[in-house]
Each structure stands twice: as structure tokens, then as C-alpha cells.
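Asker: Turn this into a structure:
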Amino acid sequence: MAACSSLKNICEYETNKVVRFQSIFYGSLKWAIHTVVFTYVSVVLIADKRYQKKDNVISSVHTKVKGVSQTDMRIWDTAEYTIPMQGINSFFVVTNIIMTESQTQGVCPEFPIAKAICSTDRSCMKGGVDPLSNGIQTGKCVQYNATLKTCEVKAWCPVESMKSAPEPAILRSAENFTVLIKNNIHFPKFNYTTRNISPEFNTSCTYNERTASSCPIFRLGDILQAIGENFSEVAVQGGIMGIEINWDCNLDKWRHRCGPKYGFRRLDDKKTSEALYPGYNFRYARYYKQASGREERTLIKAYGIRFDILVFGMAGQFDFFELLVYIGSALSYFGLAQLTVDFLITSYSYSCCKYDPVKEYYYKKKCESVPGPRWTVLYVTYVDEPHIFMIDKLLKTSLQNIKGKIVHRQTGNFKLGPKLLLKPPKEARSPGAPHELQPLQNERVASPSRERPPWCSCRECRPTERYWEQLCCRRKDGDCIAGSALFDQLVLSRPRLEFILLYADPLLDLKADDLNKRLRHCAYEQYIHWRFGEELEERAVLPSCCRWKIRDAFPSEKGEYTGFRSQRKTLH
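Answerer: All right, here's what the predicted structure looks like:
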């Protein structure tokens, strides 16, 4: 049976209940939000190509610099002013130099830096090395020039002089040099490979943003001009420039497009203080052998511009799954309309919001207030009160004395069919049975004494120690509802109760031993449907006076009662 029940649960389908409001304002608001969301989703779908599968570029770069420059000292060609790459995808062009020629290894005075100036040998430490020094001190203080003495060092002599870069730059004409950039790219997801040099490449072209935007040959001066820099000024100290190649490729067959877009920007900080090593420079040496076999070198401090080539990009191609995912995620935005309208409808319930009877009407139609899953929830009613009361507290005193929350009454039909078919009974009412929501285990009939409990207002209730049974049919002193003619007709009439039982079970034996029990429980149901309605019957509590009135009318043979249990749901 358990397996069958589980299988039925698996095969069930649940859907939400919809409440439709006829409101021009809320309807217009809903469609306005839907229109805005639809427009936004459509624009993003087309503009960002959200229907495409994306892939990042993989790239390789090769450069060739061309140009010749003449200075007072010599002719500079490509082999001299281009230095092997200083980084990945970069090239360096020398624009300014400081040369220290004919250096050989030996001893000589140190350049007069602060820690090298001396007056006696005591100022020099043998074997001492300073980060700014050109060699290792010998411990002697020697004459550097006519006015200064410095510590003697073992080094390449004569040592390099710490002078500033020449102005104007020696190779300032390098702005007319050109560089050819070869860039091959690959998109692995689509197995697509291309390059920035087309088969129709014109070798005599020079890049121009307007007239030759796809040409891969760039004039160095034009690059710095596009950045907003003056080549002659940058050439003095050097710098780092970026050449950006952006590949934005659409690989859809109906709109194929894949080409580079070039951009330029400066990468180093030209605003850095002059004391913090401005520009870009480094040292390298050229070595020679004298006729005597002694090694000699020329030390070159090279200033120049390093160009870093930055390649980035993305390709996209139509993919049905990507389109499906985007549509699925976009559908959630349409829920904003419901969220907004629901907020406006329910906002009246907050103390900070102005009360609106129209919103309250919509709120009550949309929202159903039910108590939480607590076993202490009980419903009671009084003949002298117009409402039903919900008790959701643990009982620490008589149920009669607890103040509950008001629940609007929904009058029950108390078995509408039998009520209309039967005429008002003329017979005396017959024995009956009790009702209570909680089981009254092994409770015996009370003594015939009519001692009035302190919580009773109708003088018909009987004493009990259970708090949930200490309930009267009225709040204030007065007549008991169990003594009314309508109570006799609706609750205690045997012909009526028998008819109700036969209506439910036409083959019921009215002479059965347990007939009184059935009549008693049927009377409980009649009272609850009359006073509470069908929706609250599972938690409705009968007053003590009514419960014992029914029990007296339909008594148990053994005088024991287990209490009324709903036929729809058993309480545990």
C-alpha cells in the first residue's frame, strides 16, 4: 500500500491557482512592465549577440622594424637601433644613448657619488661594494679630478659617468621608422584561423585610421601622435607604448566578419617624479679584442621606446542551446510585473503605508490567512458574540478565559439536503453523544450534581480539570444555547440524525449496537456545521454544556467517551 501511495504521489501534477482582477490600473501597469522587459531583452539579444556561442582568441605576433637614421657620429640601421625583445610580443627602438668607450678591466677612481667621495684612505673600505658603485673598493683614496678625491675601485675603467640623457635625443628621427606587425589568431572552439595580413596586402601602405585602417605597417611617429604624445619629447627619456589589436569576429554564415581593429595607448606613467627613474632605459655592452689580446668594451646606456603588442578578442557563432538558455533566463524578468503589482496590492497591510479599501479588497481576494502548523490552534464561538475566535496559544488557564483572534464567520449548511427534506420533528429528542476536538480518553459520565464551575456563564456546564474542556457557550451570564428549540431541531432530533446517517449510508442498520455512538458523532458534526462551518471543523471545540447535552441524549452504554474525531482527518 505504501508503494502504491508513493507511486501516486510521483504521478501527481500541481499547478498554481490564479486570481484574476478586473483593474485598468493594474492591467495597464502589467503590460507596461512586460513591454519594457520585452524591449530590453530583445535589444540585448541582438546587440550583444546572446544567441551566439563565444570563444576567446589565441594569438602569435611577429614584428619587423625598418628605417635608417644619420647622426653626427654615425649611421644607424635596423641592426643597431633595434634590440632583442624585452618581453613577450614587444619590440624596442633606441632613441637616445650615453656611450662609455674603450673600457678595460683595471683600477680607477670611482665616479663621485655620495658614498665614494673621500679625503683619506680611512674613508674607503677594502672590498666594500655599494649598489650605486661601478666596482669593488681597493681601500685607497685617489684623485678623481683637480678638486675631488674618490675611492679607488676594481672595475671596467674608465667608469661610466652619471650624466643625464642628451637633449634633444640623438635618434629623434626614429619617428619616421616603420614597423610591420604580423598577427596570426586562432579560435579553437570553432577551429577558425586567420591573420591580419590579407592576400591583397599592399606592401607600400601605411596605417591611417581613416584611409588605411587595415594596413599592418605603422609609422612610429603616427603611433605616438594617436596616443597624444610628442615623439621628440618621449625619445629623450624613453617610454612604454601599447599597440592594441582587437578581434571582434562574427562567424555566422549569413553575416561573416572577422578583422582587426587597432588602438594605441601609453602604458607607463609619464607623471612619475623625475627622481623615480622616469622613462625606459637599460645598459648593454659591445666587446672587442685589442691587438695585444686584451678585452675591451663599449658600454651603452640605451634610452628608447618599448612597444607592447596587446592582442585580445572574441568570436561568436550561432548556437541554438545558447539561444534557449538566454530565452529561459530572460523569462524570469517578466515576473517583475507580478512582483510589482503584488507589492502594490499587499502594501496596505504595512503600518507605514496609507490604508486603501480598494487594496484591502484585492488583498483579501488574493491572500488567504491561515494559522501556522501549530497543534495548539483551536476555534471557539459564543452565542452572545458575532465572531469565531482562533486560539493559538498554549493553554495555561481555562479556555473560557483566553482572548483569541477574530475569524470572520462562514455559516455552515449543516447537511443541507436532509434539513430541507425533513419536517421539523415532533418527537422528543433522543439520546445523543458528545464532541470535543481533543480526545477525552476514558472519561466517565460526570455525577448528576450541577455544581457550577467558575468559568461557566450558562449554569449548564460541568466541572473538568482539562483546560481545553473548560468552555461555555457564552461569554456573559445568560441562557444556554443547548436549551434553545433550534438546538433540539438541528442537533438532537433523532429522526433528523437517522436520516442524515441513512443519506450517507442507505444500508445502515438502525438497530445496530453502536447506533448511539453514530448518532452522537452525527450530532457533534451538526453543531459544528451550524456554529463554525465546514472549514473549521477539524479544530472546533464544543462548549461543555452542549457536549454533555448531546451525551445525555445519546449516552454510551459503558458511560465512557473518547471524544469527537473528524471523519476527514484524525488528530493526533
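Asker: Any stretches of this structure with poor pLDDT?
Answerer: Across the chain, the ranges flagged by pLDDT under 70 are 1-9, 85-86, 272-276, 348-356, 358-359, 368-376, 409-450, 562-572.
Asker: any idea how it splits into domains?
Answerer: The chain is divided into the following domains under the TED database: 21-51+320-363, 58-110+159-270+278-315, 378-410+451-553.
Asker: just these: most buried one?
Answerer: Between the domains of the chain, domain 378-410+451-553 has the highest mean count of neighbours, a mean of 19, where neighbours are mean count of other CB atoms under 10 Å. All C-beta atoms are positioned from the backbone trio N, CA, C, and that covers glycine.
Asker: so how far is the first residue of that one from its last?
Answerer: Distance across domain 378-410+451-553, first residue to last, is 26 Å (CA to CA, to the nearest Å).
Asker: swap in stretch 45-64?
Answerer: 42 Å.
Asker: which residues sit against that stretch?
Answerer: Contact with stretch 45-64 is made by 44, 89, 91, 179-190, 245, 247, 250, 252, 307, 309, 311-319, 321-323, 326, 330, as judged by CB atoms under 8 Å, 6 or more residues apart in numbering.
Asker: same question, stretch 377-384
Answerer: 371, 387-392, 399, 404, 407, 409, 437, 468, 471-476, 478, 481, 531-532, 536, 539-541.
Asker: mind saving the C-alpha coords of stretch 307-326 as PDB?
Answerer: C-alpha atoms of stretch 307-326 as PDB (Å, rounded to 0.1, in the frame of the first residue of the first chain):
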ATOM      1  CA  PHE A 307      56.100  48.900 -27.900                       C
ATOM      2  CA  ASP A 308      54.000  46.100 -26.300                       C
ATOM      3  CA  ILE A 309      51.500  44.500 -28.700                       C
ATOM      4  CA  LEU A 310      48.300  43.500 -26.900                       C
ATOM      5  CA  VAL A 311      46.000  41.100 -28.700                       C
ATOM      6  CA  PHE A 312      42.600  40.400 -27.400                       C
ATOM      7  CA  GLY A 313      39.300  39.400 -29.000                       C
ATOM      8  CA  MET A 314      36.300  37.100 -29.100                       C
ATOM      9  CA  ALA A 315      34.400  35.300 -31.800                       C
ATOM     10  CA  GLY A 316      30.800  34.200 -31.800                       C
ATOM     11  CA  GLN A 317      28.800  31.800 -33.800                       C
ATOM     12  CA  PHE A 318      25.100  30.900 -33.600                       C
ATOM     13  CA  ASP A 319      24.200  28.200 -31.200                       C
ATOM     14  CA  PHE A 320      20.600  27.000 -30.500                       C
ATOM     15  CA  PHE A 321      21.400  25.900 -27.000                       C
ATOM     16  CA  GLU A 322      22.800  29.400 -26.100                       C
ATOM     17  CA  LEU A 323      19.700  31.000 -27.500                       C
ATOM     18  CA  LEU A 324      17.500  28.600 -25.500                       C
ATOM     19  CA  VAL A 325      19.400  29.400 -22.300                       C
ATOM     20  CA  TYR A 326      19.100  33.100 -22.800                       C
END
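Asker: just the helices in this protein please.
Answerer: Ranges of helices in the chain, per DSSP state H, are 2-10, 24-47, 78-81, 220-227, 231-237, 320-331, 335-346, 357-366, 416-421, 485-487, 494-504, 515-531, 544-553.
Asker: right, and those helices - which one's nearest residue 172?
Answerer: For the helices of the chain, the distance to residue 172 is smallest for helix 231-237, at 5.0 Å, taking CB to CB.
Asker: Just the CA atoms of stretch 66-83, as CSV, please.
Answerer: Taking C-alpha atoms only, stretch 66-83 is exported to CSV below (Å, rounded to 0.1, in the frame of the first residue of the first chain):
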residue,chain,number,x,y,z
LYS,A,66,62.5,49.3,-40.9
GLY,A,67,64.4,52.6,-41.2
VAL,A,68,67.8,54.3,-41.3
SER,A,69,69.0,57.3,-39.3
GLN,A,70,72.1,59.5,-39.5
THR,A,71,73.6,61.3,-36.5
ASP,A,72,76.8,63.4,-36.1
MET,A,73,78.7,60.3,-35.1
ARG,A,74,77.4,57.5,-37.4
ILE,A,75,74.7,55.9,-39.5
TRP,A,76,72.2,53.9,-37.5
ASP,A,77,70.4,51.0,-39.3
THR,A,78,68.0,48.3,-38.1
ALA,A,79,70.7,46.1,-36.6
GLU,A,80,71.8,48.9,-34.2
TYR,A,81,68.7,50.7,-33.1
THR,A,82,66.5,47.6,-32.6
ILE,A,83,67.3,45.5,-29.5
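Asker: How far away from the center of its chain is that stretch?
Answerer: Counting by CA atoms, centre = their mean, to the nearest Å, stretch 66-83 is centred 59 Å from the centre of its parent chain.
Asker: Identify all contacting residues around it.
Answerer: Applying CB under 8 Å, 6+ apart, the external contacts of stretch 66-83 come out as 65, 91-94, 170-171, 173-174, 176-180, 284, 302, 304.
Asker: Give me the subset of those that lies in strands.
Answerer: 65, 91-94, 178-180, 284, 302, 304 (DSSP state E).
Asker: how about the strands of the stretch 151-300 of the chain, start to end?
Answerer: Per DSSP state E, counting those that start in this stretch, the stretch 151-300 of the chain carries strands over the ranges 178-187, 192-195, 217-219, 239-250, 260-266, 281-289, 295-318.
Asker: Relative to the shortest one, what are the paired strands and their orientations?
Answerer: Strand 217-219 has these partner strands in its sheet, going by DSSP bridges: strand 178-187 (antiparallel).
Asker: and if you look at the last one?
Answerer: Pairing partners of strand 295-318, with direction, according to DSSP bridges: strand 52-56 (antiparallel), strand 90-109 (antiparallel), strand 239-250 (parallel), strand 281-289 (antiparallel).
Asker: do the same with the second one
Answerer: Sheet pairing here is set by DSSP bridges, and for strand 192-195 it gives strand 178-187 (antiparallel).
Asker: Just list the residues touching residue 333, thanks.
Answerer: Applying CB under 8 Å, 6+ apart, we find residue 333 in contact with 37, 40-41.
Asker: Sorry, slip of the keys, the one I care about is residue 545.
Answerer: 456, 458, 460-462, 472-473, 480-482.
Asker: For the nearest residue to it once chain neighbours are set aside, give its distance to residue 528.
Answerer: Excluding its sequence neighbours, the residue lying closest to residue 545 (CB to CB, 6 or more residues apart in numbering) is residue 460, at 3.8 Å. Distance, residue 460 to residue 528, using CB to CB, to the nearest Å: 19 Å.
Asker: Residue 121 touches residue 139, doesn't it?
Answerer: Yes. Using CB atoms under 8 Å, residue 121 is in contact with residue 139, at 6.2 Å.
Asker: Tell me what residue 304 is bridged to.
Answerer: Assessed by DSSP bridges, residue 304 has beta-bridge partners residue 94.
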